[in-house]
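Student: How does the following fold in three dimensions:
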Amino acid sequence: MDSRVDAFLEMLVVERGAARNTIASYTLDLTDFADFAAARGQGVAAADAGTCQAYMASLHARGLSARTAARRLSALRQFHLFLLREGARTDDPTGHLDAPKLPRPLPKLLSEQEVDALLDAARRKPGRTGALAEAALEILYATGMRVSELLALPRDAFSRERPAIIIRGKGDKERMVPLSARAHTAASALLAATDVASRYLFPGRDPRQPLTRQAFFLLLKQVAAEAGLDPARVSPHVLRHAFASHMLAHGADLRSLQTLLGHADISTVQIYTHVQTDRLRRIVETHHPLSRPVSDEGGG
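Tutor: Numbers count the residues shown, from 1 in each chain. Here you go, the predicted model:
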């Protein structure tokens, strides 16, 4: 291996505290690049932009995943930035390389049956803790709001007479989202069970402050375990995803979903179109005349 690669790896350990697995990955990536550059008559630390570009193209030709190619490009960029800082180069041959487009990961989801089990478990918890858990989870699933929005809800955002709730979201923008009858009932029960004066719908131990994220996460994990679910699969954000996916599965459109979730750009909610695509495929399979089995068409 080139001495400059060794120096780069040493820097990662000494200055950044890189783990052994990280060093092993960088070593593999830079060794692979060094072999490629050598075949073109260039050293690993002196390779030009053409070689770097050809190397990235070769990764695709070899069938490596976009994620692996992105990692190798990251290794190359960090190595050449190191060479620049050390004065070993005056240019960065990776500067104009495009990063491979990574597939957008689908959100983790709970089924409707799993959400029902979670809500049932919250409903079974006794006392004010149970009332808080039930109200929080019913509201999260009914509105798809962010956990930060939930915990910051003032008491006056909720009205016993109005079947909706006012949410203050990102950029201090307000939106009004309908509440389900169950969420409305649970919120009313929580207010009746709360005997401390607080401006928050979900007050913390200090009623002058909202319930902390840590306390709510702990409560959610407890409810998940009591529902027979893996607590690692359950989070407020997973409930937000469940709300969005289940709404689409039952016929909601993306524009309405964008409004309910409080997203400024509709492209943000297009990650859920896999649900809509599956629903439309089932509709076509059920109703399109050419989707009928051949035996159903009759004949002489």
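
Student: Now stretch 33-47: average pLDDT?
Tutor: Average pLDDT, stretch 33-47: 94.

Student: quick one: the helices in this structure?
Tutor: 3-16, 20-39, 49-61, 66-85, 112-124, 127-143, 147-151, 181-193, 213-226, 236-249, 254-261, 273-287 (DSSP state H).

Student: In a markdown table: those helices, plus mean neighbour count and distance to residue 158.
Tutor: All C-beta spots, glycine's among them, are computed from the backbone N, C-alpha and C. Below are those laid out as a markdown table (neighbours: other C-beta atoms under 10 Å; distance: least, C-beta to C-beta, whole Å):
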| stretch | mean neighbour count | distance to residue 158 |
| --- | --- | --- |
| helix 3-16 | 14 | 48 |
| helix 20-39 | 16 | 48 |
| helix 49-61 | 16 | 53 |
| helix 66-85 | 18 | 44 |
| helix 112-124 | 18 | 18 |
| helix 127-143 | 22 | 9 |
| helix 147-151 | 20 | 12 |
| helix 181-193 | 18 | 5 |
| helix 213-226 | 17 | 17 |
| helix 236-249 | 20 | 18 |
| helix 254-261 | 17 | 17 |
| helix 273-287 | 12 | 29 |
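
Student: and residue 240, what does it touch?
Tutor: Applying C-beta atoms under 8 Å, 6 or more residues apart in numbering to residue 240 gives the contacts 140, 144, 145, 146, 261.

Student: do you know how far the closest residue to the third one other than its chain neighbours is from residue 144?
Tutor: Which is residue 145. Closest residue in space to residue 145, ignoring its immediate chain neighbours: residue 167 at 5.5 Å, by C-beta to C-beta, 6 or more residues apart in numbering. Using C-beta to C-beta, to the nearest Å, residue 167 is found at 10 Å from residue 144.

Student: Spell out which residues are contacts of both of these two.
Tutor: Counting by C-beta under 8 Å, 6+ apart, the residues touching both residue 167 and residue 144 are residue 177.

Student: Pull the contacting residues for residue 195.
Tutor: Residue 195 sits in contact with no residue, where contact means C-beta under 8 Å, 6+ apart.

Student: What pLDDT is listed against it?
Tutor: 81.

Student: per-domain residue ranges of the protein.
Tutor: Per the record, the chain has its domains at 3-85, 112-283, by automatic domain parsing.

Student: Would you list the phi and psi of residue 95?
Tutor: Note on residue 95: backbone dihedrals following degrees, to the nearest 10 are phi -60, psi -30.
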